[in-house]
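Chemist: Fold the following and give me the result.
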Amino acid sequence: MSEEPAETEHHHGYISAKDDYRKRLRRIEGQARGLQRMVEDEEYCIDILTQVSAMTKALQAVSMGLLEDHLRHCVTDAVARGGDEAEAKIQEATLAIKRLVRS
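Modeler: Predicted coordinates for the structure are as follows:
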């Protein structure tokens with residue numbers, strides 16, 4: 001009777017930077033609340049658009065960081081194991097990149 005390999009606990013690639021991501025997302029949340037206040041206070045359109053642009057860039061930075069972490073950890077691990085899982089992770093990453101490029 002052969003022993004089954006021990007399950008190794010898998011962590012997402014971003015886990016080592018989780019606190020950083022949480023801080024960045026809280027800042028973005030604050031930016032969103034600030035935008036709501038600007039609209040409520042009927043501030044100048046261009047000033048609101050400037051803040052929307054800053055928030056968009058902050059979200060893009062989070063997205064790129066998560067994508068890089070995913071490629072470095074999840075995809076790399078799957079490719080090292082090979083098989084269908086590797087192909088699935090590559091396809092998943094490709095679709096995520098397509099979504100990011102469209103946005």
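Chemist: And the longest helix seen in the chain, what's buried?
Modeler: Longest helix of the chain, by residue count under DSSP state H: helix 45-69. Across helix 45-69, burial judged by 16 or more other C-beta atoms under 10 Å covers Ile48, Gln51, Met55, Leu59, Val62, Gly65, Leu66, Leu67, Asp69. All C-beta spots, glycine's among them, are computed from the backbone N, C-alpha and C.
Chemist: Turn these into CSV, including distance to Asp77 and pLDDT.
Modeler: Below are the buried residues of helix 45-69 laid out as CSV (distance: C-beta to C-beta, whole Å; pLDDT from 0 to 100):
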residue, distance to Asp77, pLDDT
Ile48, 43, 97
Gln51, 39, 97
Met55, 33, 97
Leu59, 26, 95
Val62, 22, 96
Gly65, 18, 94
Leu66, 16, 93
Leu67, 16, 93
Asp69, 12, 92
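Chemist: coming back round to it: now do the longest helix of the chain: distance to the chain's middle.
Modeler: Computed by C-alpha atoms, centre = their mean, to the nearest Å, the separation of helix 45-69 from the middle of its chain amounts to 12 Å.
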